[in-house]
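1. what shape does this take:
(one chain, ligands or ions: 1)
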Amino acid sequence: MADQDAQTPVGIEPPALSVLRWDEPPGGPAVVLLDQTRLPAEEAELVCADVPALVRAIRMLAVRGAPLLGIAGGYGVALAAARGEDVDQAAELLGQARPTAVNLGYGARRVAREYRAAVGSGLVPEAAAVVALAEARALHQEDAAASGRMAQYGLELLAELLPGRGGYRLLTHCNTGALVSGGEGTAFAVVLRAHRGGSLRQLWVDETRPLLQGARLTAYEAGRHGMPFSLLTDNAAGSLFAAGEVDAVIIGADRIAADGSVANKVGSYPLAVLAKYHHVPFLVVAPTTTVDLETVDGTSIVVEQRSATEVTEFTSQPGAPAGGGGGGRAVAPPGTQAYNPAFDITPSELVTAIVTEEGVISPVTGVGLAELCARSSQVTIS
Ligand SMILES: CSC[C@@H](O)[C@@H](O)C(=O)COP(=O)(O)O
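-> Coordinates of the predicted model:
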């Protein structure tokens, strides 16, 4: 059971979270996840011993967040390879489990490509499976390194945009910390670095309806690190801006199109509009693996639509079938239809800057994005 009162005093680091790992028990290899649907009540592991189990875990958000989905996709293909299964089919199944986060398909295809190359060079499938696992591990490590670099660039950007502040009051949405990454996350990694350096005055955490990634997960991570933070309902953000309590908005991304449009958790776009109106910087932090130059603009991004029960019931299980029966307490009359997109799209003109592991682009332009991606050491997958 996670102890909600056990906040870590500043200066003392909590133990790193084991969010996703490869395991090789006697029964065969498995991808072991920290089940995010059970946080913060329980720190429970979920063992995925085959690709369908991992696909289910992805759909129900036991594992989630763009960079971690990429890592999960990579290990999923390595799992298929280790089991002697069709890796291309596995990559396809994994890549389609959730449509918006580009990293998922990237991770799966990248490992599948390495496996195919290994077989093509004459390795037997067992040896090629070892190559596939090594590639998944490399992807995992690259993401951890990218996280550290984004944190540094992000902190420098805050200092530049908000000079002379006694400490930053940052508003974030959804969950972007260690729970979504091989490292300390994307936007949350910047917040954490500010906290460690004594420059975080306040973290405002949007609860993030309907699945409460802010309330359940970001509050859990902020609490572990002893941050000064408060939770707010998503629709309280406007009054917080009006009161002058927000110095910057800082979020992650699930896909960034070639024109700089940003897909992120639904509720990000209204924050960008509020930020523009109140002259507050709106910052997006994402690795270059989240930039998708093949998606020309925001209108081409496929936005995942999720079950109505996630809206019509409280504490509904993520991914419960539409039409009731999500396992939660109904808050709407039976049969109520719901509009439940998982993400929304923020156009580049509302984004002050995008922070990647290769540097910062501001103003956000397609040219700047392409340059950063070209500089990136990330493997290009066609
Ligand atoms: C680095 S995390 C960026 C995004 O993946 C995050 O903000 C987000 O929207 C996650 O959505 P989720 O539906 O919980 O997977």
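2. residue contacts, the closest residue to the ligand within the chain?
-> Across the chain, the shortest distance to the ligand (CB to the nearest ligand atom) belongs to residue 252, at 2.6 Å. C-beta coordinates here come from the backbone N, C-alpha and C atoms, glycine included. Going by CB atoms under 8 Å, 6 or more residues apart in numbering, residue 252 touches 65-66, 174, 176, 180, 185-188, 264, 284-286, 290.
3. do residue 276 as well
-> Neighbouring residues of residue 276 by CB under 8 Å, 6+ apart: 282, 350.
4. residue closest to the middle of this structure?
-> Nearest residue to the geometric centre of the chain (CA atoms, centre = their mean): residue 65, 2.4 Å.
5. quick one, what contacts that residue?
-> Residues in contact with residue 65 (CB under 8 Å, 6+ apart) are 101, 175, 176, 179, 180, 181, 185, 252.
6. give me the subset of the residues you listed lying in strands.
-> Among the contacts of residue 65, none falls in strands (DSSP state E).
7. of these, closest to residue 151?
-> Distance ranking of those against residue 151, using CB to CB, places residue 185 first at 8.4 Å.
8. following the strand ranked longest in the chain, which helix or strand comes up?
-> The single longest strand within the chain, with elements called by DSSP E, is strand 200-206. As assigned by DSSP states H and E, the chain's next helix or strand after strand 200-206 is helix 219-224.
9. do that following helix and the ligand meet?
-> No - residues of helix 219-224 are not located near the ligand by CB under 6 Å from any ligand atom, the shortest gap being 11.9 Å.
10. give the other helices and strands that that helix contacts.
-> strand 200-206, strand 229-232 (3 or more CB pairs under 8 Å, 6 or more residues apart in numbering; DSSP states H and E).
11. want to try CSV for those, with distance to the ligand and mean pLDDT as columns?
-> Converted to CSV, these look like this (distance: least, CB to the nearest ligand atom, whole Å; pLDDT from 0 to 100):
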stretch, distance to the ligand, mean pLDDT
strand 200-206, 10, 98
strand 229-232, 16, 98
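12. deepest of these, which one?
-> Most buried of those by mean neighbour count (mean count of other CB atoms under 10 Å) is strand 200-206; its value is a mean of 22.
13. centroid-wise, who is the farthest residue in this structure?
-> Note on the chain: the largest C-alpha distance from the chain mean falls to residue 122, namely 36.8 Å (CA atoms, centre = their mean).
14. what residues are up against that residue?
-> Listed by CB under 8 Å, 6+ apart, residue 122 has no contact partners.
15. with the one 3 residues further on instead?
-> With CB under 8 Å, 6+ apart as the criterion, the residues that contact residue 125 are 81, 84, 119.
16. residues near the first one, how many?
-> Right, the one you point to is residue 81. Other residues lying near residue 81 total 29 when counted by other CB atoms under 10 Å.
17. and residue 75, how far from residue 159?
-> Distance of residue 75 to residue 159, computed by CB to CB, to the nearest Å: 37 Å.
18. have a look at these two and say which one is more surrounded.
-> Neighbours per residue, other CB under 10 Å: of residue 75 and residue 159, the larger number sits with residue 75, 33 against 15.
19. just checking, that one touches residue 22?
-> Yes - counting by CB atoms under 8 Å, residue 75 does reach residue 22; the two are 5.9 Å apart.
20. just how off-centre is the helix or strand harbouring residue 69 within its chain?
-> Using DSSP H and E, residue 69 sits in helix 66-82. Here helix 66-82 is found 15 Å from its chain centre; the criterion is CA atoms, centre = their mean, to the nearest Å.
21. do you know the pLDDT at residue 373?
-> Looking at residue 373, its pLDDT reads 93.
22. kindly apply the preceding question to residue 10 instead.
-> Looking at residue 10, its pLDDT is 60.
23. now do the SS call for residue 310.
-> When classified by DSSP: H, G, I helix; E, B strand; the rest coil, residue 310 comes out as helix.
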